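J.: Got a sequence here, can you build the structure:
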Amino acid sequence: MNWDEIIGQDDLKHQLIQSIEDHRIGHAMLFTGDEGYGVLPLVLAFCKEIFEKEHPSSGVRVSNLTHMDLHFSFPVFSQDGKSVSSAYRQDFSALVKKNPYFSFEDWTQELDSEKKQFQISVQEMDAITEKMTLKSYEGGHKILIVWRADKMNTEAANKFLKLLEEPPKNTIIILTAENAASILPTILSRTQIYEVPRIAENDIRTALLKHKEILDEDREVYIHQAQGNWNTVLKLLEYGNVDEEFGFYFVKWVRDAFMVKKKPQYLKEIIGWAADIAGWSREKQKKFLEYCSEMFRLALMQNYEAGALVYKTVGEKGFNWEKFSEYIHGSNIVSILEEISEANLQLIRNGNSRLIWTDMGIKLSRYIHKKP
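T.: Predicted coordinates:
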């Protein structure tokens, strides 16, 4: 990965390059942020720069993920009692080359194992520790990238802590995670933390201009929907705008929530609605939650006479957007968004999708009738 292939993040790029120039590379670093913001691309470009300073010809091997001193650890599922990432290294490398902005859900889908529990196990830590104690193949640094370190189980984290406390000579350890709160404090205290922010809208716009087939109006919709996440943009480019399908399910949810207060039989409709969505992939379910959150926020702006900021509405036939927005106000928006956030958290934790959606679907009926 080259620096110029990364979308935006110029401040972080400069900071990382400068740390190499000034010989201020920490032995342990943590990069936090959504994968779609460019966490792994930044890490890979950083590693490439380090290795090229030692051996100028090594950049190609880093790009091909074949450099013998570049090691990876990542969450996998247990099979035949074993849970080590080396068994899936080819699959992981192929996905990185295809799309270095890929998400955790993309990784589980790559292995067609969305229903399984992915983690970094103590077996994995034993294997990694053994690798890192070996001498460098090229006589320079060895670098270990632990992708999604927040997926370490407790036993693995404690084992990893020992590696951090007594790292082998010329070893650099780089962790990635969605946020620092998911990492053990004892590990956090031993790492230099880099927070990777959302990609700026202008940077996404510049990158999208390379796709000449996109209409100007579609480009702006993609930028808004991306929320600084390039992986979301890539999915929009590949699968198109899913607003039509999401709009249908959003409207059904809202209508059933309105009706259930007067006609309890609509509770069955909400349960059926939840069952339909639970059949989607985890990634699609999370995207729908993002869509719902976005539409409620836009409805709030519409209600508070900030219509100029409402860049899109629900286009479902027969749905009165202006009338709907009157029911979204300061007395219920926080509760609604908190329920959506809680549902997202439960999905990340591999909770029962059908129960999660049913619970959230019913709770909307309580909030939407709340008086301003």
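J.: Tell me which stretches of this protein form strands.
T.: For the chain, the strands defined by DSSP state E cover 28-32, 70-73, 142-146, 171-177, 192-195.
J.: Can you tell me which of the ones you listed is nearest to K13?
T.: Nearest of those to K13, taken as C-beta to C-beta: strand 192-195 at 11.1 Å. (Each C-beta comes from the backbone N, C-alpha and C, glycine too.)
J.: which parts of the closest one are buried?
T.: Y194 (16 or more other C-beta atoms under 10 Å).
J.: In CSV, list the strands of the chain along with mean pLDDT and distance to Y222.
T.: Formatted as CSV, the strands of the chain follow (pLDDT from 0 to 100; distance: least, C-beta to C-beta, whole Å):
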stretch, mean pLDDT, distance to Y222
strand 28-32, 96, 25
strand 70-73, 96, 31
strand 142-146, 96, 30
strand 171-177, 96, 25
strand 192-195, 95, 25
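J.: Present these as CSV; the columns should include distance to W280.
T.: Shown next, in CSV, are those (distance: least, C-beta to C-beta, whole Å):
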stretch, distance to W280
strand 28-32, 28
strand 70-73, 29
strand 142-146, 30
strand 171-177, 25
strand 192-195, 31
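J.: out of these, nearest to I270?
T.: Closest among the strands of the chain, using C-beta to C-beta: strand 171-177, at 34.7 Å.
J.: Which strands and helices lie in contact with that closest one?
T.: strand 28-32, helix 39-54, strand 142-146 (3 or more C-beta pairs under 8 Å, 6 or more residues apart in numbering; DSSP states H and E).
J.: Where does pLDDT dip in the protein?
T.: 114-115, 212, 239-242 (pLDDT under 70).
J.: thinking again about what came up before, give me whichever of the helices and strands packed on strand 171-177 is most buried.
T.: strand 142-146 (a mean of 24; mean count of other C-beta atoms under 10 Å).
J.: Mind listing residues that contact stretch 299-306?
T.: 307, 309-310, 313, 321-322, 324-326, 328-330, 333 (C-beta atoms under 8 Å, 6 or more residues apart in numbering).
J.: Please narrow these to those residing in helices.
T.: Per DSSP state H, helices hold the following members of these: 321-322, 324-325, 333.
J.: Which of those residues lies at the shortest distance from W3?
T.: Using C-beta to C-beta, the ones in helices among the contacts of stretch 299-306 come closest to W3 at I333, 40.6 Å.
J.: Please tell me how far that closest one sits from L95.
T.: 38 Å (C-beta to C-beta, to the nearest Å).
J.: follow-up on the earlier one: which ChimeraX command selects the buried ones in the ones in helices among the contacts of stretch 299-306?
T.: To isolate the buried members of the ones in helices among the contacts of stretch 299-306 in ChimeraX, using 16+ other C-beta under 10 Å:
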select :321,324,325,333
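J.: want to try a markdown table for the ones in helices among the contacts of stretch 299-306, with distance to E35 as columns?
T.: A markdown table is the format used below for those (distance: C-beta to C-beta, whole Å):
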| residue | distance to E35 |
| --- | --- |
| W321 | 33 |
| E322 | 37 |
| F324 | 33 |
| S325 | 33 |
| I333 | 28 |
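J.: Buried residues, stretch 259-275. List them.
T.: Under 16+ other C-beta under 10 Å, the buried positions of stretch 259-275 are 259-260, 266-267, 269-270, 273-274.
J.: give me the number of residues near the closest residue to K312 other than its chain neighbours?
T.: Leaving out its chain neighbours, the residue that sits closest to K312 by C-beta to C-beta, 6 or more residues apart in numbering is V221, at 6.5 Å. By other C-beta atoms under 10 Å, 16 other residues sit near V221.
J.: picking up where we left off before, tabulate the helices and strands packed on strand 171-177 in TSV, adding columns for distance to N344.
T.: Below are these laid out as TSV (distance: least, C-beta to C-beta, whole Å):
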stretch	distance to N344
strand 28-32	17
helix 39-54	19
strand 142-146	24
